[in-house]
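Participant: Fold the following and give me the result.
(chains A and B)
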Amino acid sequence: MNTIILNGSPKGNSEKCNSQIFAEQFVKDMKNPCEIKCIAQNVPKELAQYVADFDAIILILPLYIHAMPGIVMKFIEELEPATSKGKSIGFIIQAGFIETAQHKYVGRYLENLAERLNYSYLGTVSKGEAAAIYMYPKMFKKVLKLLSELGVAYEKNHAFDDEVVKKLTNPYELSKFKLWLLRLVNKVGLGNIGWHKVLRENDVMDKRLDRPFL
Amino acid sequence: MKTVIIKECGDIKTSDVYTFDLNKKVVKDCIGCWSCWWKTPGRCSFNDLNEFYHRYITADKAIYFVRVTKEFVSGNLKTLFDRMIPLYLPYTVYTSGESMHVPRYEKYPDIEFYYEGKFETHSGRQIFVDYINRVFYQFYSKNIIIKPIGEFIAEGDDNT
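Facilitator: Coordinates of the predicted model:
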């Protein structure tokens, strides 16, 4: 099974790119690591022609406005349906919001897209609360390990492992207790600490609520 | 009533209405830098949408005429959606039972969204409509209408 990994983040192979970290982690413990290409650093049409020669595509992407970033849609526009059977495609989405139910809108689309492209659908793996991985990788050791396990299992079975997927996807929705806790954190003013730290560092704390386009 | 039009299809008469024509304008892709949140709050690091932002956020209604592409929005329109982030704050609230960003402005325009294009299945169309609804719900637009472009009735064309 000849598989290519695509990084769909506009940040490409930057060290600040979580999708690139996901991609590298996915192939890290494979016996024969898959090739990784960044959509941001390729011409969409040329890349679409290039990936057509692979048996499988794994597209790793950040969630932008509940779906793929614009550059990924420009790449999807160039994909042609497979002319032979046996090709497959899967997706791994990482996002900032905690609950992975936020990914369900694009997840349904990606499944539909696979069918339209005559590819077998491997599934969409979702990971929430992932925005800070590049800043604090040590805090996300468990997530990174799961991604490596996902890659090893994929190399062996050409499928996403259900148990690993389940762990990454959790929580799908926010529980009542979690909601209560998050609202409390916001109420006492702790929810925005991280944002305010950077706003202060950038000397724009007093401009944080600006409405420049009125 | 102030209206803005965002279009990539349709022969729509748009005199006296600010029209953002996606056929003539390639929107610069969001690069995920978050400058609009933590370096220049409310302003994108690119300047290509400054007039659009002003027209959009001061409008009562935004009317979209959209070409369905691979049963989704086009890459260019998706980039425009991505670039709406400066109109919201980075903070997260949970009042609706899920995570949502906080509005930066007091109000956002109502939406009329007309699409042109075919779907292979009813399910494909529903996925598209559900996605568009979700986008503008999270964008804090209060009234959202989504219809095929054939159901658009221009002002003055309705004789009823």
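Participant: ok, now how distant is the closest residue to residue B:75 other than its chain neighbours from residue B:69?
Facilitator: Using C-beta to C-beta, 6 or more residues apart in numbering or on different chains and skipping residues adjacent in sequence, the residue nearest residue B:75 is residue A:74, 3.3 Å away. Bear in mind the C-beta positions are built from the backbone N, C-alpha and C, glycine included. Separation of residue A:74 from residue B:69 (C-beta to C-beta, to the nearest Å): 10 Å.
Participant: out of the two, which sits in the more crowded spot?
Facilitator: residue A:74 (22 against 18; other C-beta atoms under 10 Å in any protein chain shown).
Participant: Now the more buried one: which helix or strand?
Facilitator: Applying DSSP states H and E as the criterion places residue A:74 in helix A:70-77.
Participant: which secondary structure elements does the very next helix or strand once past that helix contact?
Facilitator: Next along the chain after helix A:70-77, taking DSSP H and E as the criterion, comes strand A:88-94. Applying 3 or more C-beta pairs under 8 Å, 6 or more residues apart in numbering or on different chains; DSSP states H and E, we find strand A:88-94 packed against helix A:18-28, strand A:56-62, helix A:104-116, strand A:120-127.
Participant: Which strands border strand A:88-94, and is each parallel or antiparallel?
Facilitator: Strand pairing for strand A:88-94, using DSSP bridges, gives strand A:56-62 (parallel), strand A:120-127 (parallel).
Participant: Just say which of the ones you listed is most tucked in.
Facilitator: Using mean count of other C-beta atoms under 10 Å in any protein chain shown, the stretch among the strands paired with strand A:88-94 with the largest mean neighbour count is strand A:56-62, at a mean of 24.
Participant: Output the helices and strands packed on strand A:88-94 in JSON lines, with mean pLDDT appended to each entry.
Facilitator: Output for those, formatted as JSON lines (pLDDT from 0 to 100):
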{"stretch": "helix A:18-28", "mean pLDDT": "98"}
{"stretch": "strand A:56-62", "mean pLDDT": "98"}
{"stretch": "helix A:104-116", "mean pLDDT": "98"}
{"stretch": "strand A:120-127", "mean pLDDT": "98"}
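Participant: want to throw those into a markdown table with distance to residue A:1?
Facilitator: Shown next, in a markdown table, are the helices and strands packed on strand A:88-94 (distance: least, C-beta to C-beta, whole Å):
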| stretch | distance to residue A:1 |
| --- | --- |
| helix A:18-28 | 13 |
| strand A:56-62 | 6 |
| helix A:104-116 | 16 |
| strand A:120-127 | 11 |
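Participant: How many residues are close by residue A:32?
Facilitator: Neighbours around residue A:32, by other C-beta under 10 Å: 8.
Participant: likewise residue A:200?
Facilitator: By other C-beta under 10 Å, the burial measure for residue A:200, its neighbour count, is 13.
Participant: Then residue A:141?
Facilitator: The burial count for residue A:141: 9, using other C-beta under 10 Å.
Participant: Tell me, what's the model's pLDDT at residue 2?
Facilitator: Using chain A. For residue A:2, the model assigns a pLDDT of 95.
Participant: Please refer instead to chain B.
Facilitator: pLDDT, residue B:2: 94.
Participant: Could you do residue B:156 as well?
Facilitator: Listed pLDDT for residue B:156 reads 59.
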